[in-house]
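[1] how does the following fold in three dimensions:
(chains A and B)
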Amino acid sequence: MKFEDYQTGGFYDELFASDGKAHDFVLPLIERINNLPEQELLQTQEAAEKALRQQGITFSVYGDEQGEEKIFPFDILPRIIPAKEWAELEPGMKQRIKALNLFIDDVYNEQRILNDGVIPKDLVLSSECYLPQCKGISPPKKIWIHITGTDLVRDRDGKFYVLEDNLRCPSGISYVLQNRSIQKRTMPAAFQEMNARPVADYSDHLYETLRHAAPAGVEHPTIIVLTPGIYNSAYYEHSYLAQQMGVQLAQGTDLTVIDGYVMLRTTRGFERVDVIYRRIDDAFLDPEAFNKDSLLGVPGIMECFRNGTVSLANAPGTGIADDKAVYAYVPEMIRYYLNEEPIIANVPTYICDQPEAREYVLANLDKLVVKAVNLSGGYGMLIGPKSTAEERQKFAAKIQENPRSYIAQPTLGLSRTPTIIGDRIEGRHVDFRPYILYGRDIFVLPGGLTRVALTKGSLVVNSSQGGGSKDTWVLEQ
Amino acid sequence: MLSRVASLIYWMSRYLERADNVARFIDVNARLILDMGSESSQWEPLVRASSDEATFEKIYGQAYNEDNVEHFLAFDRENPNSILSCIEKTRENARTVREVITTEMWETINGLYHLVREAASQEKLDFQKFCQQVHQCNHNFVGLMDNTMSHTEAWHFAYLGRILERADKTSRMLDVKYFLLLPGARIDSPQDALQWGAVLRSVSGFEMYRKIHHRAQYRNVTRFLVLDEHFPRSICFCVVAAHESLSAILDILGIQSSAKHKLKDLAEHLANASVDDILNRGLHEFINDTQLLLNQIDNDIYKTFFDLKQAY
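    Below is the predicted model:
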């Protein structure tokens, strides 16, 4: 299996400048793989898959009574980002997180940006993700979004765009860390030669970020991870992060509120908790404040958060800036709060709630991607060029019925990267999710999750819809 | 630690030990068939000894033959105590508390889970080899737990679960022999010695037994498996060890539990008992009493540590 007849197919390619000609910064890797004995690459790929199964890094397939489990497909050909590109992305992401955090704090307090007319007030306050329960709250150090997993994509021109900000409970970081550990084991020489930056210290940074978020005056906070439980598809990640940080992993039933404090039910009795890295969505966090039927949450926890006796990471309410219609205004936020020009561009976005934009969207459904403003994971989406007339009709009706719930974007020609498909190397579309932590400073992990659409020609990279992942090497120089 | 987590660890360990011991039950019979031929083999005692007759008969009626009993004990999902059921529960618990146990422990349990599922799907299985593999995984797990996990509260809960389960299962192993003996095979006949030898081998105790008692014989095997202070599968050894581990947990937490007093009483009772006391009362009756006491202790442990406390 070689790269000799590799074709870029007219897309921007992460490893190849044109057909058969690799980018300079990946030459040593390509040469090494081209020189491997026949079959060795395939065997390495199989060894990696076996390791994943052995380690039990699997997710359960819903509805399978025999407990069948699948591994999240992992492709051993890494995606590589040269140092020069990273030097632009890193400050770009820091800038964005800073502005988004200021926006959220502003929206739940003074609402200056709305009163100044920079973002339409109606648009923000009508969002399903706007939580009135958060009005007047300011979390410790005014940090709302401690952990972010921004989705970036490249278009045909090779330029990076922010596709989504994912400010609520972004997942996938455990795959970044596990992919790296398997990659290092299966391709040690190539890894060493390419000099990629390490990612293993993520958990240290995460722990420090959570410690920094502790309520005022708590010097040695008790930190926990809160999970919906073993049947959640990201449970492996929750337990992995708790293990890596050396903190307890709790479920809603392990917690109760006593005299205004959140307490753990332990073998010794009740113990106070100071910081909760919660991986439960806002809606299920507290049946007293939000979804009354939630069995996953902790009754009364929101009141504790409001009174500052417990810190939540991320804070509730951050979803307001994830609303895809509000997303369209992030460049304005950067200008408004930081007085800077955005370093990384947004994907142009048509807000269907605005009549002119709606008219354009309805007339061009076959060219656009339509998304529900409040959904992620590839759900509630129409990819115009790949849709049928019937699907377009259905979406047109939905948009007209409820325009606030939809936005549209041009269909991007996502970049591709070489991927092992059967016994060949072929180009497949990818996106990129770096992880950003907001503690004492803003830290961007030099690496991230590259998701790959394994189906030929597909643009949907989500694991729920046939996607896989790759290790991402950010080069030292 | 969290009450829920402590309970999961305790049961993870108990289920694993249970699976290992069920494999030992099957192993006794496999050995007897090798020694005495399959025509004299009896399968019903295995099910009776684990008190699962009701479950068995609901599925198979009175058909206590080799295929049914082996399947029932090893791979039947309808039997909550089958090896497969136990290993599935062990793994689910381990997966839930994966951040508390070490990666090495987790990978061993995960490997065992795949081994058992694979074996369950095979047409023709070498049961003796399969049982050996289950033992080996369990031994690996115990060694890894000892050597990779700090011996703090969580470790003691895992140890406590294992050792209490083992006490119960060793008593049942003696019961297998009790049921085999019925109806009235002659005590200390050559056949009897073979059967006791098989029991000893399947608890990995044959060699250690020989060092003390030399010949396989009814009174001495009972003495060895119930009262021996040093053999790590004897009931006495398990009860003393459980008392120590429970005391360590209570010291760490600075609390009290009635389970500790019950364990202490039982340990003292075993230390002072003679094999004649046991045999005069009847071995089967003695085993029943012991199992009853062990159940009470388990119940007390639940109340002290695992029960989710309500806010006052």
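
[2] for whichever residue of chain B sits closest to chain A, which residues are in contact?
    Closest approach between chain B and chain A, counting by Cβ to the nearest Cβ: B:Glu99, at 3.6 Å. All C-beta spots, glycine's among them, are computed from the backbone N, C-alpha and C. The contact partners of B:Glu99, taken as Cβ atoms under 8 Å, 6 or more residues apart in numbering or on different chains, are A:239-240, A:242-243, A:248-249.

[3] helices of the stretch 1-150 of chain A, start to end?
    Taking DSSP state H, counting those that start in this stretch as the test, the helices found in the stretch 1-150 of chain A are A:27-34, A:40-54, A:83-107, A:112-115, A:121-125.

[4] got it, and the stretch 251-400 of chain A?
    Under the criterion DSSP H, counting those that start in this stretch, the stretch 251-400 of chain A contains helices at A:282-285, A:301-307, A:324-327, A:330-333, A:355-363, A:389-401.

[5] and the contacts of the longest one?
    Which is helix A:389-401. Against helix A:389-401 from outside (Cβ under 8 Å, 6+ apart): A:352, A:358, A:361-362, A:365-366, A:370, A:382, A:384, A:387, A:405-406.

[6] next structured bit after that helix?
    strand A:406-410 (DSSP states H and E).

[7] next helix or strand past that following strand?
    Helices and strands here follow DSSP H and E; after strand A:406-410, the next one along the chain is strand A:416-421.

[8] could you check the angle that next one makes with helix A:27-34?
    With axes from the mean of the first three to the mean of the last three Cα atoms, to 10 degrees applied, the angle from strand A:416-421 to helix A:27-34 works out at 20 degrees.

[9] chain center to strand A:416-421: distance?
    22 Å (Cα atoms, centre = their mean, to the nearest Å).

[10] buried stuff in that strand?
    The neighbour-count check on strand A:416-421 (16 or more other Cβ atoms under 10 Å in any protein chain shown) flags A:416-420 as buried.

[11] so which of the contacts of B:Glu99 belong to helices?
    Those of the contacts of B:Glu99 mapping onto helices are A:239-240, A:242-243, per DSSP state H.

[12] burial count for residue 201?
    All of this refers to chain A. Using other Cβ atoms under 10 Å in any protein chain shown, A:Asp201 has 10 neighbouring residues.

[13] that was the other one, I meant chain B.
    17.

[14] quick one: buried residues of the helix or strand that contains it?
    Assigned by DSSP H and E, B:Arg201 falls within helix B:190-202. For helix B:190-202, a neighbour-count test (16+ other Cβ under 10 Å) marks B:192, B:195-202 as buried.

[15] now render the helices of the stretch 1-150 of chain A as a markdown table, adding mean pLDDT and mean neighbour count.
    Converted to a markdown table, the helices of the stretch 1-150 of chain A look like this (pLDDT from 0 to 100; neighbours: other Cβ atoms under 10 Å in any protein chain shown):
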| stretch | mean pLDDT | mean neighbour count |
| --- | --- | --- |
| helix A:27-34 | 90 | 16 |
| helix A:40-54 | 89 | 15 |
| helix A:83-107 | 97 | 19 |
| helix A:112-115 | 97 | 15 |
| helix A:121-125 | 94 | 15 |
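
[16] among those helices, which is nearest B:Lys169?
    Nearest of the helices of the stretch 1-150 of chain A to B:Lys169, taken as Cβ to Cβ: helix A:40-54 at 29.2 Å.

[17] quick one: which of the ones in helices among the contacts of B:Glu99 is nearest to B:Glu123?
    Among the ones in helices among the contacts of B:Glu99, A:Ser239 lies closest to B:Glu123 (Cβ to Cβ), at 36.5 Å.

[18] touching, the closest one and A:Gly229? I think so.
    No - A:Ser239 sits out of contact with A:Gly229 when judged by Cβ atoms under 8 Å, with a separation of 10.6 Å.

[19] between the two, who's got more neighbours?
    Looking at A:Ser239 and A:Gly229 with other Cβ under 10 Å, you find the greater number of neighbours at A:Ser239, namely 22 against 14.

[20] looking at the more buried one now. What's its pLDDT?
    pLDDT for A:Ser239: 94.

[21] does stretch A:272-291 come close to chain B?
    No - legend: contact between stretch A:272-291 and chain B by Cβ under 8 Å from any Cβ of the partner chain is lacking; minimum distance shown is 11.1 Å.

[22] end to end, how far does that stretch reach?
    Start-to-end span of stretch A:272-291 (Cα to Cα, to the nearest Å) is 25 Å.

[23] now do the buried residues in the helix or strand containing B:Ala271.
    B:Ala271 belongs to helix B:258-272 when assigned by DSSP H and E. The neighbour-count check on helix B:258-272 (16+ other Cβ under 10 Å) flags B:259-260, B:262-263, B:266-267, B:270 as buried.

[24] the residues you listed into TSV, with extra columns for pLDDT?
    Shown next, in TSV, are the buried residues of helix B:258-272 (pLDDT from 0 to 100):
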residue	pLDDT
B:Ala259	96
B:Lys260	96
B:Lys262	96
B:Leu263	97
B:Leu266	95
B:Ala267	95
B:Leu270	93
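
[25] the residue in the stretch 151-300 of chain A positioned nearest to chain B and B:Tyr302, how far apart?
    In the stretch 151-300 of chain A, the residue that lies nearest chain B is A:Gln243 (3.6 Å; Cβ to the nearest Cβ). To B:Tyr302, A:Gln243 is 26 Å away according to Cβ to Cβ, to the nearest Å.

[26] what about those two, which has more around it?
    Neighbours per residue, other Cβ under 10 Å: of A:Gln243 and B:Tyr302, the larger number sits with A:Gln243, 20 against 14.

[27] wait, isn't that one in contact with B:Arg98?
    Yes - with contact defined as Cβ under 8 Å, A:Gln243 counts as touching B:Arg98 (6.6 Å).

[28] check which helix or strand A:Lys456 maps to.
    A:Lys456 belongs to no helix or strand when assigned by DSSP H and E.

[29] which ones are touching it?
    A:421, A:426, A:428.

[30] which residues does the closest residue to A:Thr58 other than its chain neighbours form beta bridges with?
    Once flanking residues are discounted, A:Thr58 sits nearest to A:Glu69: 3.8 Å by Cβ to Cβ, 6 or more residues apart in numbering or on different chains. Beta-bridge partners for A:Glu69, by DSSP bridges, are A:Ser60.

[31] from chain B, how far off is A:Glu69?
    10 Å (Cβ to the nearest Cβ, to the nearest Å).

[32] same thing with A:Glu128?
    Distance, A:Glu128 to chain B, using Cβ to the nearest Cβ: 33 Å.

[33] chain B contacts on the stretch 51-200 of chain A?
    The stretch 51-200 of chain A comes close to chain B at residues A:53-56, A:67, as judged by Cβ under 8 Å from any Cβ.

[34] want to try a markdown table for these, with distance to B:Glu70 as columns?
    Below are these laid out as a markdown table (distance: Cβ to Cβ, whole Å):
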| residue | distance to B:Glu70 |
| --- | --- |
| A:Arg53 | 28 |
| A:Gln54 | 28 |
| A:Gln55 | 32 |
| A:Gly56 | 28 |
| A:Gly67 | 22 |
